[in-house]
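Trainee: Sequence and predicted structure, then a few things I'm wondering about:
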Amino acid sequence: MGISQSIRCKTAETAGKLSKYLTKLGSGMGKSFPGYIYLRIGKRECVKDLSRNLKIGSVIITGTNGKTTTTKITALLLAKDTSITYNYESNTINAIVTGLLTGNVELGIFEYGIRDVKNAIPDTVSKMVDPVGVVYTNVSREHSQVSGRKNPFEDYLRAKQLLSTPMKRGIVICNADDPRTTYIGKIKENDTLVTYYGLDIELEDKTPLTGDVFCPMCKENLVYSKRYLNHRGIYRCSCGFSRPEPDLKLTQLSSGEDRWQVNVEGEIFNYPTDQKISLDFKVEIPAFGVHNLYNLLCAVATYASFTPHPENIQKTVREACDEIDLSILPPGRFEIFNVKDKLMENKLVGMGQGDNGDALKANIQFMETYVGKDISSDTAFIYNTPDEGEDEIFEDHLSSMISLNPSIVHVVPGRESVEAARNYYNILKKSLPADFYPLSHEDMEKRIDKIRELVEESPFKYMIVSGCGPEQYMWGNLKSGCKSLQESS
């Protein structure tokens with residue numbers, strides 16, 4: 001590094017740390033503004049120099065679903081063993097750099113959202129941060145419309161893949177049960193260590209797949225011998241591509257109403273000590289659905305791969321699982337409320353964001369664990385639609401709703417376009433009883449009030465409110481209303 005660049009990088013670091021201090025005095029951009037200032041002054045060339053302050057390195061967590069929850073649990077685990085810096089929810093390069101400005105710590109744990117190559121620049125980010133770990137939760141159809149432009153699924157998958165492409169050291173951690181993340185792992189096996197995690201439990205998703213799942217190698221249809229959650233399961237293709245044996249897996253699920261017990265089992269490579277670690281122990285966790293079993297397992301795999309104290313793994317995971325409750329899930333998380341409606345009748349309401357096919361299906365399955373398979377006979381579904389150009393997401397949503405077969409579907413625009421919502425309604429009503437409420441995005445309060453009214457006045461015993469919509473504002477306000485009804489009952 002030349003003298004002028006060294007001065008520029010030091011200046012950027014000083015300015016970034018100062019702005020980090022100043023943002024603590026206010027509100028708003030604390031997770032990203034210091035990183036923005038650093039990049040404005042130091043440019044991309046200085047980020048790698050900043051990354052070298054981490055004694056072990058950075059781990060970047062990405063995927064379609066579960067990034068925030070996985071990052072939170074990973075940070076909770078690693079913070080018990082060593083010094084870390086981390087970010088979640090504000091999942092941009094500016095937020096990652098803000099985390100790197102923390103200073104001399106062992107590890108950085110960063111959530112990173114990737115929709116396409118142009119906006120996320122995943123390979124550039126990887127070269128800048130130089131991570132020792134890239135972690136994939138899953139890859140599902142999502143965000144088919146980015147900045148007004150169609151984003152084909154193949155391009156979306158490639159954007160995820162590019163985050164780990166530049167890596168020549170460290171570990172890539174992939175979901176073995178997801179053929180798309182396995183595909184990324186198989187390619188990386190040529191030049192980087194790859195660790196796979198997956199389920200090995202007596203639980204099976206027997207509902208139809210939301211859309212065909214093609215082999216990422218040859219584009220033929222995959223054949224499943226077992227599915228755990230939509231496209232995640234045990235699969236194979238005639239070309240030879242198949243689900244690998246997980247290095248770390250969850251086994252022996254015992255499910256109760258409030259707590260589940262699982263066994264963590266496998267052999268995993270630990271990066272700081274350069275040795276393999278054998279694991280076999282039981283933990284208790286909240287009953288928070290199969291999708292969060294994956295998030296927990298992914299976090300444990302990441303923790304076990306990068307803790308400098310692998311001798312603590314069993315003790316630390318058990319302690320952390322005792323601390324975990326549903327508050328660790330993000331604001332748009334699916335929650336179930338026991339409420340009384342206007343007639344003072346008991347009602348079970350499941351509510352939360354489901355802005356892609358996997359997420360909405362997981363919400364339905366989570367509700368079914370409380371109600372049972374006869375849920376469809378007395379259920380109303382308030383469906384918040386995708387936007388214009390997001391037909392693939394709607395197709396996945398529709399498949400799940402048809403499988404549920406609710407008594408009525410109330411269709412409400414979930415994003416900006418009312419006309420797109422109307423078109424989706426016209427398709428949906430051919431398969432299910434439905435009505436439509438054309439409420440604009442600009443008048444979000446009326447949209448929220450109408451959903452609350454539908455919940456309170458519905459004659460059905462069970463209600464599911466899910467689909468697309470602003471995570472923080474809309475779902476937060478809706479759930480606040482349900483909590484008020486719960487408290488008043």
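Mentor: Looks like it came in fine.
Trainee: only C-alpha atoms for contact and neighbour calcs from this point on.
Mentor: Will do.
Trainee: residues in contact with the closest residue in space to T98 that isn't next to it in sequence?
Mentor: Spatial nearest neighbour of T98, excluding adjacent residues (Cα to Cα, 6 or more residues apart in numbering): G35 at 4.2 Å. Going by Cα atoms under 8 Å, 6 or more residues apart in numbering, G35 touches G16, I93, N94, A95, I96, V97, T98, G99, L101.
Trainee: Can you get me a residue count around the fifth one?
Mentor: Looking back up the chat, that one is I96. By the criterion of other Cα atoms under 10 Å, I96 has 30 neighbours.
Trainee: and it, which of the three is it?
Mentor: State at I96, reduced to three classes by DSSP: H, G, I helix; E, B strand; the rest coil: helix.
Trainee: Just the element for the residue lying closest to it once chain neighbours are set aside, please.
Mentor: Of all residues not flanking I96 in the chain, F110 sits nearest, at 6.1 Å (Cα to Cα, 6+ apart). Applying DSSP states H and E as the criterion places F110 in strand 107-111.
Trainee: Can you list the strands that that strand pairs with?
Mentor: Paired with strand 107-111 in the same sheet, following DSSP bridges, are strand 57-62 (parallel), strand 84-87 (parallel).
Trainee: Need the contact partners of the next helix or strand along the chain from the longest one.
Mentor: By that I understand strand 57-62. For strand 57-62, the succeeding helix or strand toward the C-terminus, using DSSP H and E, is helix 67-79. Helix 67-79 has contacts (Cα under 8 Å, 6+ apart) with 61, 84, 86-89, 109-112, 137, 292, 295-296, 298-300, 302-303, 307, 316-317, 320, 328-330.
Trainee: Run the angle between the strand holding F110 and helix 67-79 for me.
Mentor: Strand 107-111 and helix 67-79 are oriented at 170 degrees to each other (axes from the mean of the first three to the mean of the last three Cα atoms, to 10 degrees).
Trainee: contacting residues around strand 107-111?
Mentor: Strand 107-111 has contacts (Cα under 8 Å, 6+ apart) with 54-62, 67-68, 71, 74-75, 82-92, 96, 99-100.
Trainee: Any idea how far the helix or strand just after that strand is from the middle of the chain?
Mentor: Next along the chain after strand 107-111, taking DSSP H and E as the criterion, comes helix 117-120. Helix 117-120 sits 19 Å away from the centroid of its parent chain (Cα atoms, centre = their mean, to the nearest Å).
Trainee: buried residues in the helix or strand following helix 117-120?
Mentor: For helix 117-120, the following helix or strand on the C-terminal side (DSSP H and E) is helix 122-129. Buried positions in helix 122-129, judged by neighbour count with 16 or more other Cα atoms under 10 Å: P122, D123, V125, S126, K127, M128, V129.
Trainee: which strands and helices sit next to helix 122-129?
Mentor: Judged by 3 or more Cα pairs under 8 Å, 6 or more residues apart in numbering; DSSP states H and E, helix 122-129 is in contact with helix 47-51, helix 153-162.
Trainee: Nearest to R243, out of those helices?
Mentor: With Cα to Cα as the measure, helix 153-162 is the member of these nearest R243 (17.7 Å).
Trainee: Buried residues, that closest one. List them.
Mentor: Of all the residues in helix 153-162, those buried under the rule 16+ other Cα under 10 Å are F153, Y156, L157, A159, K160, Q161, L162.
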